[in-house]
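J.: Pasted the sequence and its predicted model underneath.
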Amino acid sequence: VLRDRRPRNCPPGPVEIPFFGRMPFFDEKMGEYLKENYGDIVSYRTGTLRSVFLFDSDTAKEALGRLDFADRPDFFSTFSFDDQKTGGVIGSNGAQWQHDRRFVLRNLRNLGMGKSYLEEAINIEAKALVEDLKKYDGEAINYPDSFRTVALNIIWQMVASTRYDLRSNEVETIYRLTKEFQNNFSTLLFLPLFIPALNLLPKPLKNFIFRDYLVDAFVEEMKIVIDDTVDKHLEDYDPDNPRDLIDEYIKDMKTSEGDENSLFRRGALNQIVNDLFGAGSDTVNNQLKWMAYLLARYPEYATRMQQQIDAVVPRDRMVSLNDKPNLPLVEAFTVEALRYASILIFNVQRSATRDTNINGYFIPKDTLIQVGNYSIHHDPRYWDDPHKFYPERFLDESATKYTAPKKAFFAFGSGRRQCVGELLARMELFLFTAAIVQHFDVRPPHGVDLSLEECANLGGLRVPADKKLIYKPRN
Ligand code: HEM
């Protein structure tokens, strides 16, 4: 019991039950509670894992930039698609992570990330989204699957040269399993990650208590999709005509054949492709749900954006990135939506690579570092009236120029592991939001009050609860 205690000079935190610690949590309310009661740096243990939560912007920024905190926790490799469990970008560490991250960043840039020619592909999806929403003919609908498919289509064209019809059934199984998992989410699900001994329980019991079958079904289906996609690329591979990120990887893998030290491996490729499928589609999907919700809840901003768009973009042309200087409110709206929504309530976890310190507190090796993104995004020390949705906070006094947040903005993380898809996501969010605003008035059905902001928490992902909205085509 003595050895199990909180080490000396660790950050303060709530009392811990010996050996068990406390239940894991993923919600913003508990984060706010910890901040209010224990301060800007809080220690909290679940099972064998101690977390340190950071709630002040400067400390968080500094920590996320340090090499000491560049790793992800070991449990990220639990569901790895790499036979060696070390490949990929999101959950890998050390030399393989650096190698895979560099490869992905280089190739996403070569395939157009941040460059205007990618906008053509995004606008093809935006147009398809507009047509898809028109088909509902003003009927009230839940957030449509096409939000996810348009985002998937962009990343999947870059990675695998594949585009799905917005009403195709091909990705239906993945979507269904994602939803089943999200609808049945409970904090219990994650307990075995924190208390590895629980993995020794018989499978039927684990299925009953932790609903393992939900994760297993999703992982199995994803494995099939990823394996098939990479196999097909290997069959059709033409060295003179690389089509996409997978072909570029195969090229490098073939060039380094025979080199025992090469980090180009089939297993790592599978995990990279899996990372990009998930991180590139469900994030943007959930953020688009927020966009639709906020447009319906604050129609006055939608009207002002429509006025800005109508003044510079004829109705038969899609908004372009070149229009950005004339559409400051559209950019301010999308960035404010990222802050306000804070879909990742806590930044993706990091882990301490050695015994170290933060602000004079002792941080033992393997401590999880959790930045309270939602709390920082709603902290009155950094934001006036933080719970108000107020895009003007990113506009100058004349409301004619957008100014980016200078601090306390962690929507895409920070430092060494900052989101590799940030530029792509920003392009998509701007163009998709502009397309919806240009073509529709988004409204709640008669009598529905949107001010009761109901959120679903999907394992730390904060999304608006399913909500029927009307996408009424503009005349
Ligand atoms: C609204 C959209 C998105 C949000 C809010 C978002 C947010 C984040 C955050 C918070 C992180 C963790 C950063 C850190 O540890 O400091 C991250 C990592 C990552 N994101 Fe995104 N992301 C988005 C879209 C995308 C897209 C479109 C891609 C596709 C390329 C992508 C790929 C990744 C990858 C591969 C990582 C892991 C980076 C690493 O560990 O080195 N994300 N993202």
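T.: Here it is on my side, so go on.
J.: Flag every buried residue along stretch 24-38.
T.: 24-28, 30-32, 34-35, 38 (16 or more other C-beta atoms under 10 Å). Where C-beta positions appear, they are placed from N, C-alpha and C, glycine not excepted.
J.: starting at the chain centroid, how far to stretch 299-310?
T.: Centroid separation for stretch 299-310 versus its chain: 27 Å, with C-alpha atoms, centre = their mean, to the nearest Å.
J.: Take that stretch, keep the C-alpha atoms, and write them as CSV.
T.: Coordinates of each C-alpha in stretch 299-310 appear next as CSV, following Å, rounded to 0.1, in the frame of the first residue of the first chain:
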residue,chain,number,x,y,z
PRO,A,299,-29.2,31.6,-38.0
GLU,A,300,-28.1,35.2,-37.7
TYR,A,301,-24.5,34.2,-38.4
ALA,A,302,-25.7,32.0,-41.3
THR,A,303,-27.5,35.0,-42.8
ARG,A,304,-24.5,37.3,-42.5
MET,A,305,-22.2,34.6,-44.1
GLN,A,306,-24.7,34.2,-46.9
GLN,A,307,-24.6,38.0,-47.5
GLN,A,308,-20.7,37.9,-47.6
ILE,A,309,-20.8,34.9,-50.0
ASP,A,310,-23.5,36.3,-52.3
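J.: Name the residues that touch it?
T.: 294-295, 319, 323, 326-330, 333, 391, 434, 437-438, 441-443, 474 (C-beta atoms under 8 Å, 6 or more residues apart in numbering).
J.: Only the buried residues of it, if you could.
T.: Using 16+ other C-beta under 10 Å as the test for burial, stretch 299-310 gives 301-302, 304-306, 308-309.
J.: do the same with stretch 276-284
T.: 276-277, 279-284.
J.: Any chance of JSON lines for the buried residues of stretch 299-310, columns pLDDT, distance to the ligand and secondary structure?
T.: Formatted as JSON lines, these follow (pLDDT from 0 to 100; distance: C-beta to the nearest ligand atom, whole Å; DSSP: H, G, I helix; E, B strand; the rest coil):
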{"residue": "Y301", "pLDDT": "98", "distance to the ligand": "19", "secondary structure": "helix"}
{"residue": "A302", "pLDDT": "98", "distance to the ligand": "20", "secondary structure": "helix"}
{"residue": "R304", "pLDDT": "98", "distance to the ligand": "23", "secondary structure": "helix"}
{"residue": "M305", "pLDDT": "98", "distance to the ligand": "19", "secondary structure": "helix"}
{"residue": "Q306", "pLDDT": "98", "distance to the ligand": "23", "secondary structure": "helix"}
{"residue": "Q308", "pLDDT": "97", "distance to the ligand": "23", "secondary structure": "helix"}
{"residue": "I309", "pLDDT": "98", "distance to the ligand": "22", "secondary structure": "helix"}
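J.: Determine which two of those are furthest apart.
T.: Using C-beta to C-beta, the two most remote members of the buried residues of stretch 299-310 are Y301 and I309, lying 12.3 Å apart.
J.: Got a quick PyMOL command for the buried subset of the contacts of stretch 299-310?
T.: If you want just the buried ones from these in PyMOL, going by 16+ other C-beta under 10 Å, the selection is:
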select buried, resi 294+295+319+323+327+328+329+330+333+391+434+437+438+441+442+443
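J.: Next step: the contacts of stretch 299-310 restricted to helices.
T.: 294-295, 328-330, 333, 434, 437-438 (DSSP state H).
J.: where does the residue nearest to F19 when sequence neighbours are not counted land in three-state SS?
T.: Closest residue in space to F19, ignoring its immediate chain neighbours: D4 at 5.9 Å, by C-beta to C-beta, 6 or more residues apart in numbering. On the three-state scheme (DSSP: H, G, I helix; E, B strand; the rest coil), D4 is labelled coil.
J.: near the ligand, which residues of this protein show up?
T.: Within the chain, the positions adjacent to the ligand are 64, 89-90, 101, 108, 155, 275-276, 279-280, 283-284, 287, 343-344, 347-348, 411-415, 417-421, 424-425 by C-beta under 6 Å from any ligand atom.
J.: are any of those residues buried, and which?
T.: Buried by 16+ other C-beta under 10 Å: 64, 89-90, 101, 108, 155, 275-276, 279-280, 283-284, 287, 343-344, 347-348, 411-415, 417, 419-421, 424-425, out of the residues of the chain next to the ligand.
J.: Help me confirm that Y374 comes into contact with R462.
T.: Yes: counting by C-beta atoms under 8 Å, Y374 touches R462, with 6.8 Å between them.
J.: Quickly list what's touching both of the two.
T.: Shared contacts of Y374 and R462, defined by C-beta under 8 Å, 6+ apart, comprise 28, 342, 345.
J.: number of nearby residues for the second one?
T.: By other C-beta atoms under 10 Å, 21 other residues sit near S342.
J.: Grab the nearest non-local neighbour of it.
T.: Closest residue in space to S342, ignoring its immediate chain neighbours: Y374 at 4.0 Å, by C-beta to C-beta, 6+ apart.
J.: what is the mean pLDDT for the helix or strand harbouring the one you found?
T.: Under the criterion of DSSP states H and E, Y374 resides in helix 373-377. Averaging pLDDT along helix 373-377 yields 98.
J.: What are the contacting residues of it?
T.: Helix 373-377 is touched from outside by 28, 31-32, 35, 55-57, 60, 339-340, 342, 344-347, 382-383, 386, 408-411, 462, with contacts defined as C-beta under 8 Å, 6+ apart.
J.: Mind checking which of these land in strands?
T.: Residues of those located in strands (DSSP state E): R462.
J.: tell me the contacts of the residue nearest the centre of the chain?
T.: Note on the chain: the residue nearest the mean C-alpha position is T283, at 3.9 Å, using C-alpha atoms, centre = their mean. Residues in contact with T283, defined by C-beta under 8 Å, 6+ apart, are 151, 343, 421, 425.
J.: how about a cut-off of 7 Å?
T.: Going by C-beta atoms under 7 Å, 6 or more residues apart in numbering, T283 touches 343, 425.
J.: host element of it?
T.: Here T283 is assigned to helix 266-297, by DSSP H and E.
J.: Check the offset of that helix from the chain's centre.
T.: Between the centre of helix 266-297 and the centre of its chain there are 6 Å (C-alpha atoms, centre = their mean).
J.: same question, stretch 362-382
T.: For stretch 362-382, the distance to the chain centre is 17 Å (C-alpha atoms, centre = their mean).
J.: Now do the buried residues in that stretch.
T.: Within stretch 362-382, the residues that count as buried by 16+ other C-beta under 10 Å are 362-363, 366-379, 382.
J.: Output the buried residues of stretch 299-310 in TSV, with distance to Q182 appended to each entry.
T.: Listed next are those as TSV, based on distance: C-beta to C-beta, whole Å:
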residue	distance to Q182
Y301	28
A302	28
R304	33
M305	30
Q306	33
Q308	35
I309	33
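J.: Double-check S161 against L245; I have them as touching.
T.: No: the criterion here is C-beta atoms under 7 Å, and S161 misses it with L245 at 9.3 Å.
J.: Which one's more surrounded, those two?
T.: Higher neighbour count among S161 and L245: L245, with 26 against 15, using other C-beta under 10 Å.
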